[in-house]
Every structure is written in C-alpha cells, then in structure tokens.
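Novice: model the following, please.
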Amino acid sequence: IISQSFRSKMCWIEPHVPNENGIKISAPNMKPASIFVPKTYNEHSRVCLPYWNYKQGIAGYDQGDEASEWLTTFFVENGYQNSDSTRLILLDPNFQRMTHQKDTCAAYTKSNDAQKQLKQSVVSFSNEFQFLMVSQESLDSLNERIKQSRHEQQQMFKPDLDHIKMDRFRPNIVLSSNGDRSPHFEDNVKRFRIGNVRFYHTKYCPRCAMPSIHQQTAKRCQEPKQTLLRYRTGQQLKYLKERNWSNKLFFGSYFIHDRCGKLARGDILTLN
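Specialist: The predicted model follows:
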C-alpha cells in the first residue's frame, strides 16, 4: 500500500471517474498525460492485500499492466528510483470490510436490534470510515491562528506557504453554517440528515503527516502542524479514548451513513 505520507508527489496524480466502467488517472509531465483504466474482474488477477488496520486483508482485482506501467513510470520519473512495479487494485465488489466495532456510534444501532449490539458499517479502502467531514469554520479558524502567530512572532505571512487550503485535510464532505456555528462544530454533531440519508458521528479524525504536504508543490511544510499543536492535541481537547492520543492531532470528524443516496453541493444538513 502506497500513500502520500511516504511519497508526497502522489498528490499530483488526479483520479477521475467519468462513468461506472472505470477510472481515468492523469498527472503532469506524463506521456501519455492520462489513461483510462476499465474495470476488470479477472479471477486470475484476484489478490488479497494486507492493510494497516485490517488483519484479514482486503480482496481486490489487479487492473492490468498498462495501469501498472503508467504508475511505475510516474514514481520513477519523480525521483522514487527504488520503486518496484506498482499495481492498481480495484476492490472486490463482493468483499465487505467492516468498520471497527468499538468506534461505531451507538446511535447507529437499529431500534429493532434485540441484543442492542453496536452495528458495524461497510468501508472500502478508506482508512477507517466512509465519510470525513471538516467545516469551513474550522479551516478559517486555523488560518486566522496561523496569521496571528506570524504577527506575534514578527514574521512575514506568506500566503503561498502559510494559507492552508481544504485539500490538505482531504474531506469528502465540507460543511458550512455560514458562520452561525463555532469552529469544529462537526466534532459535536452526533447525528444529522441530508435528504433521506442519515449520518452518525463515530470519532474525531486523528491526523498523520499528510496535511503538512502542499498539494500543489508536494513540498512538506511546517504548517498546519505547528499551529495545530497549540490547540488540537488529544490532551488539549480532553479526547483520550486511546492511550497514545495525548499528543495526537485531531482535525475533522469521521461519520458513517445508514443507506445509499445522492448528495450534491449546496444540500441542506438537518440536525436530528
């Protein structure tokens, strides 16, 4: 498994799903600049990959040599000379990877569940849960703190380096109250609805080194870690569910959902 934590220039690879038949991947300075990889489910290409928090492994299908050669070339040409052959894997649609029961919200338990056991949810290659949500208010607050810190230290604020964009945190849903709620309100929302889909809070999102990678330059920066250490550690938040969370940084929250549905930019969130 390869991630930006170890190969920061992966941020230059842009995936696009034009339809249900496959994926298009592109990157600057590549020849060809992009390729379309059709979904393939050849049984002889089936693999079971070890995954960091899922000991059983994840079942999927190797997507062929063309995708492998394109990705391997990208890594080699961007300085990762020790790159082995890189393979693109499509999750087996019949495989179900369950979320960790200890983190699945009690509110997700169905009322007709006689044993009242926590009900798990299905996730794919995501780290832990299907949805990572960050509010615009949280990001705005962070940027104000960075700017204030530069002023207090009599340092120049450099927008290209110091202003943090939302893509650093990689949420798949961005929330906004138009300023009506305080920063990090997503941490305190236990349950809400968008259309007919209900979402349930599971845990704060612990952060690795990836938010410090500038998504346009692939350079590692001091921010936002330097500022987050001042107010978003487990100790400061009194969020200590695990022994090693005292110095862990948290930004955004994980959610699970109860059914399939369609979401669109501008949809209204209803608390319930």
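
Novice: which residue is nearest the middle of the chain?
Specialist: Computing the C-alpha centroid of the chain and ranking residues by CA atoms, centre = their mean puts Arg170 first, at 4.9 Å.

Novice: and the pLDDT for it?
Specialist: The confidence metric pLDDT takes the value 94 at Arg170.

Novice: what distance do you get for it to Ile268?
Specialist: When distance is defined by CB to CB, to the nearest Å, Arg170 is 24 Å away from Ile268. All C-beta atoms are positioned from the backbone trio N, CA, C, and that covers glycine.

Novice: with just CA atoms, put the longest strand belonging to the chain into CSV.
Specialist: What stands out as the longest strand in the chain, according to DSSP state E, is strand 197-207. The C-alpha trace of strand 197-207 is given here as CSV (Å, rounded to 0.1, in the frame of the first residue of the first chain):
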residue,chain,number,x,y,z
VAL,A,197,-29.6,9.7,4.3
ARG,A,198,-28.7,9.8,8.0
PHE,A,199,-25.1,10.3,9.2
TYR,A,200,-23.7,9.3,12.5
HIS,A,201,-20.6,10.6,14.2
THR,A,202,-18.0,8.0,15.1
LYS,A,203,-14.8,9.7,16.2
TYR,A,204,-12.5,12.7,15.7
CYS,A,205,-10.1,12.3,12.9
PRO,A,206,-6.5,11.7,14.1
ARG,A,207,-4.0,13.3,11.7
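
Novice: scan this protein for its longest helix.
Specialist: The single longest helix within the chain, with elements called by DSSP state H, is helix 136-152.

Novice: flag every buried residue along it.
Specialist: Neighbour-count burial for helix 136-152 flags Glu137, Ser138, Leu139, Leu142, Asn143, Arg145, Ile146, Ser149, Arg150 (criterion: 16 or more other CB atoms under 10 Å).

Novice: ok, the fifth one - contacts?
Specialist: In this case it means Asn143. By CB atoms under 8 Å, 6 or more residues apart in numbering, Asn143 lies in contact with His163, Ile164.

Novice: run a quick neighbour tally on Ser253.
Specialist: Number of residues near Ser253 (other CB atoms under 10 Å) recorded here: 25.

Novice: tell me which residues form a beta bridge with it?
Specialist: Under DSSP bridges, the beta-bridge partners of Ser253 are Met133, Tyr204.

Novice: pLDDT at it, what is it?
Specialist: pLDDT, Ser253: 96.

Novice: how close does it get to Leu175?
Specialist: Between Ser253 and Leu175 the distance is 10 Å, computed by CB to CB.

Novice: could you do Gln81 as well?
Specialist: Using CB to CB, Gln81 is found at 42 Å from Leu175.

Novice: tell me which of these two has more neighbours.
Specialist: Shown here are Gln81 and Leu175; by other CB under 10 Å, Leu175 has more neighbours (19 against 8).
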